[in-house]
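>>> take this sequence and fold it.
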Amino acid sequence: MDTISSSDVRWCVVEKLYSRLQRLAPGTREYEITDRAISLALNSGRQSRSVEFLFHDVLRNAQHSILRTYARRVVFLKNFTAYSAQALDSINEKTPEANCIASEMEDKIREALAQNGSELINCFDGMLVGESIAETAARCGISRRSVDRARQKIREISRSFFFPQEEA
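Numbering: from 1, shown residues only. Predicted structure coming up:
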């Protein structure tokens, strides 16, 4: 009986996932799930002797992870929309005060981001001008995954400026 090591199983699964990823259109839910599954499969803590079991396991776990992320995003957007509506009610047009507040807020966020490295500042600049993840990655010379993680970190840091009551 031919036995296969856990690392060989992992690499077979990663190879299978990469071939699946290349058939999918970027930006689709299946693409995101498969991309997350690759990250999960690379974790050396996942031990399996079966390629099929590990393949289905990481896909299922990735799907649950993506769905949780979408659910969190919906809650965040709901809170952000409520905050934005409240802010718009108080500021009907761009006033010098509103511009000053926005500028001060951006400066405070930049200061907080600067403590975590220049990569976050570069990604923040890309977010402000409306760059996509791919455009920011190309401009900064880093992977799209790194840009995605940096944007998550930026949102996490800036959330404390927009929703200070959540920190308590």
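
>>> so where do the helices sit in this protein?
Taking DSSP state H as the criterion, the chain contains helices spanning 6-23, 29-41, 51-90, 96-114, 118-128, 133-140, 144-162.

>>> let me know which of those helices is tucked in deepest.
Among the helices of the chain, ranked by average contacts under mean count of other CB atoms under 10 Å, first place goes to helix 29-41 (a mean of 20). Glycine gets a C-beta too; all of them are placed from N, C-alpha and C.

>>> quick one: list the elements packing against that helix.
For helix 29-41, the elements it packs on are helix 6-23, helix 51-90, judged by 3 or more CB pairs under 8 Å, 6 or more residues apart in numbering; DSSP states H and E.

>>> could I get those helices as JSON lines with distance to Ala37 and mean pLDDT?
Formatted as JSON lines, the helices and strands packed on helix 29-41 follow (distance: least, CB to CB, whole Å; pLDDT from 0 to 100):
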{"stretch": "helix 6-23", "distance to Ala37": "5", "mean pLDDT": "87"}
{"stretch": "helix 51-90", "distance to Ala37": "4", "mean pLDDT": "80"}
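
>>> tell me which of those helices lies nearest to Ser143.
Ranking those by proximity to Ser143 (CB to CB) places helix 6-23 first, at 14.2 Å.

>>> in contact with the one residue sitting closest to the centre of the chain, which residues?
Nearest to the mean C-alpha position of the chain, counting by CA atoms, centre = their mean, stands Asp148 at 4.1 Å. Each residue near Asp148 by CB atoms under 8 Å, 6 or more residues apart in numbering is listed here: Ile133.

>>> for the remainder of this discussion, apply numbering that starts at 8.
Understood, numbering begins at 8; the last thing we discussed is Asp155.

>>> give me the pLDDT for Asp42.
On pLDDT, Asp42 comes in at 90.

>>> do Ser57 as well
Per-residue pLDDT puts Ser57 at 86.

>>> the nearest residue to it once chain neighbours are set aside: what's it in contact with?
Distances taken as CB to CB, 6 or more residues apart in numbering place Val16 nearest to Ser57, at 6.9 Å, with adjacent residues excluded. Val16 makes contacts with 55-58, 61, as judged by CB under 8 Å, 6+ apart.

>>> could I get the CA-only coordinates of stretch 71-78 as CSV?
In CSV, the C-alpha atoms belonging to stretch 71-78 read as follows (Å, rounded to 0.1, in the frame of the first residue of the first chain):
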residue,chain,number,x,y,z
HIS,A,71,-17.8,29.7,5.7
SER,A,72,-15.0,32.2,6.2
ILE,A,73,-16.0,34.3,3.2
LEU,A,74,-19.7,34.2,4.3
ARG,A,75,-18.7,35.5,7.7
THR,A,76,-16.6,38.2,6.1
TYR,A,77,-19.6,39.3,4.0
ALA,A,78,-21.8,39.3,7.0
